[in-house]
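Chemist: prediction below, plus the sequence it came from.
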Amino acid sequence: GDSVTQMEGPVTLSEEAFLTINCTYTATGYPSLFWYVQYPGEGLQLLLKATKADDKGSNKGFEATYRKETTSFHLEKGSVQVSDSAVYFCALSGVNDMRFGAGTRLTVKP
Amino acid sequence: NAGVTQTPKFQVLKTGQSMTLQCAQDMNHEYMSWYRQDPGMGLRLIHYSVGAGITDQGEVPNGYNVSRSTTEDFPLRLLSAAPSQTSVYFCASSTQGGETQYFGPGTRLLVL
């Protein structure tokens, strides 16, 4: 069935470092792709999404491009801040559900 | 708008006890779902509903029941709690199953 695989964590970076979190997907159709973020003690919230191939989702300095040829949706940010410390989940849309990756914990140190 | 609300925030149960986790949304969303979050396993879908009176099983439905009598509410029932059900439970809603999900703050459940 459809699924997503994201890079194992945890990831620890210094403030202002470049961030990449890899996400690849397996799907029979053309799903929408999402990145959600979970801050400590909270539920998940949408960070960005892309609905078709070559679309770029962006929000709060984060970007991800829907790459059909490599079945990927990698999350990037040019300069991370301490406030970006959270768990990041890649997800794809199913017919009646959403499939989530295992999550990648990011810690940004000052 | 309150969005998606969940109660309680934290609960401790003994093995064999029953309880209901409450979930409500005020966004008039047709689709609602329950997930459990366990370390290293991401979110796994327990049950979902595409509208009032309609529910279906997700990836890990055993030990859980749901009902959807109104658009707003989607309670999750544990009939006989087991230690394997210790987890963090999230309720979510959206316009459709494959659209952006809006999550509640979660219920942390500990079964002894």
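Modeler: Yep, that arrived.

Chemist: going by C-alpha atoms from here, please, whenever you check contacts or count neighbours.
Modeler: Will do.

Chemist: what strand or helix carries the closest residue to residue A:36 other than its chain neighbours?
Modeler: Nearest non-adjacent residue to residue A:36, counting by Cα to Cα, 6 or more residues apart in numbering or on different chains: residue A:46, 4.5 Å away. Per DSSP states H and E, residue A:46 falls inside strand A:44-50.

Chemist: quick one: mean pLDDT over that strand.
Modeler: Averaged across strand A:44-50, the pLDDT comes to 96.

Chemist: please name the strands paired to that strand in the sheet, noting orientation.
Modeler: strand A:33-38 (antiparallel) (DSSP bridges).

Chemist: just how off-centre is the partner strand within its chain?
Modeler: 5 Å (Cα atoms, centre = their mean, to the nearest Å).

Chemist: just the C-alpha atoms of it, please, in CSV.
Modeler: The C-alpha trace of strand A:33-38 is given here as CSV (Å, rounded to 0.1, in the frame of the first residue of the first chain):
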residue,chain,number,x,y,z
LEU,A,33,2.2,15.3,0.1
PHE,A,34,2.5,17.1,3.4
TRP,A,35,4.9,18.0,6.2
TYR,A,36,3.5,18.4,9.7
VAL,A,37,5.3,19.7,12.7
GLN,A,38,4.7,18.7,16.3
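
Chemist: what is the least confident helix or strand in chain A?
Modeler: Scoring the helices and strands of chain A by mean pLDDT, DSSP states H and E places strand A:98-100 at the bottom, with a mean of 90.

Chemist: could you export the helix or strand encompassing residue A:57 as PDB, CA atoms only?
Modeler: Assigned by DSSP H and E, residue A:57 belongs to strand A:56-59. Written as PDB, here are the backbone C-alpha positions of strand A:56-59 (Å, rounded to 0.1, in the frame of the first residue of the first chain):
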ATOM      1  CA  LYS A  56       6.800  23.600  -4.100                       C
ATOM      2  CA  GLY A  57       5.200  24.000  -0.700                       C
ATOM      3  CA  SER A  58       6.600  26.700   1.600                       C
ATOM      4  CA  ASN A  59       6.000  28.200   5.000                       C
END
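
Chemist: ok, what's across the strand from residue 21?
Modeler: Looking at chain A here, since you left the chain open. Applying DSSP bridges, one finds that residue A:21 bridges with residue A:75.

Chemist: actually it's chain B I care about, not the one you picked
Modeler: residue B:76.

Chemist: residue B:91 now?
Modeler: Under the criterion used (DSSP bridges), residue B:91 bridges to residue B:34.

Chemist: please point out which parts of stretch B:60-78 sit buried.
Modeler: Using 16 or more other Cα atoms under 10 Å in any protein chain shown as the test for burial, stretch B:60-78 gives B:61, B:64-68, B:71-78.

Chemist: and the next element down the chain from the least confident helix or strand of chain A?
Modeler: strand A:104-109.

Chemist: report whether that following strand contacts chain B.
Modeler: No: applying Cα under 8 Å from any Cα of the partner chain, one finds strand A:104-109 separated from chain B by no less than 9.0 Å.

Chemist: which elements pack onto that strand?
Modeler: strand A:11-14, strand A:86-93 (3 or more Cα pairs under 8 Å, 6 or more residues apart in numbering or on different chains; DSSP states H and E).
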